[in-house]
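K.L.:
got a sequence here, can you build the structure:
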Amino acid sequence: MPKMKTHKGASKRFKVTKKGKIKHHNAGRSHLMSTKSPKRRRNKRRTHLLSPTHARNVAKLMGVRRKPPAPTPPQSELKEQAS
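P.N.:
Numbers count the residues shown, from 1 in each chain. Sure, this is the predicted structure:
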């Protein structure tokens, strides 16, 4: 079976962080900025993280294997370590 190709449109629009989260740029920055409040303009400058639902779909397009969250130890082990 051949390798999956990366979706080039997605790879140009999204970046993957070291922990496997997916960053994106905000929409609505191309024009009509004078009608938007300074706070709104300021918040659109930086990148944001995709929600987990959307991130799963984008990760499939990009061929990224997302890291599962680290398992948490049972509460009984935490109590033993504390004492």
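
K.L.:
was I right about T17 contacting K23?
P.N.:
Yes - with contacts counted by CB atoms under 8 Å, T17 reaches K23, the gap being 6.2 Å. All C-beta spots, glycine's among them, are computed from the backbone N, C-alpha and C.

K.L.:
identify the bridge partners of the residue nearest in space to the middle of the chain.
P.N.:
The C-alpha lying nearest the average C-alpha coordinate of the chain belongs to I22 (CA atoms, centre = their mean; 2.3 Å). Judged by DSSP bridges, the bridge partners of I22 are V16.

K.L.:
what about the helices in this protein?
P.N.:
8-13, 38-45, 52-62, 75-82 (DSSP state H).

K.L.:
export those to a markdown table and tack on distance to H31?
P.N.:
Output for these, formatted as a markdown table (distance: least, CB to CB, whole Å):
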| stretch | distance to H31 |
| --- | --- |
| helix 8-13 | 19 |
| helix 38-45 | 12 |
| helix 52-62 | 25 |
| helix 75-82 | 53 |
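
K.L.:
who's more crowded, T17 and K23?
P.N.:
Between T17 and K23, counted using other CB atoms under 10 Å, the more crowded position is K23 (15 against 10).

K.L.:
now do the contacts for that one.
P.N.:
With contacts defined as CB atoms under 8 Å, 6 or more residues apart in numbering, K23 is in contact with F14, K15, V16, T17, T47, H48, L49, L50.

K.L.:
nearest to K36 among those residues?
P.N.:
Proximity of the contacts of K23 to K36 (CB to CB) peaks at H48, which lies at 16.3 Å.

K.L.:
thanks again, I'm all set now.
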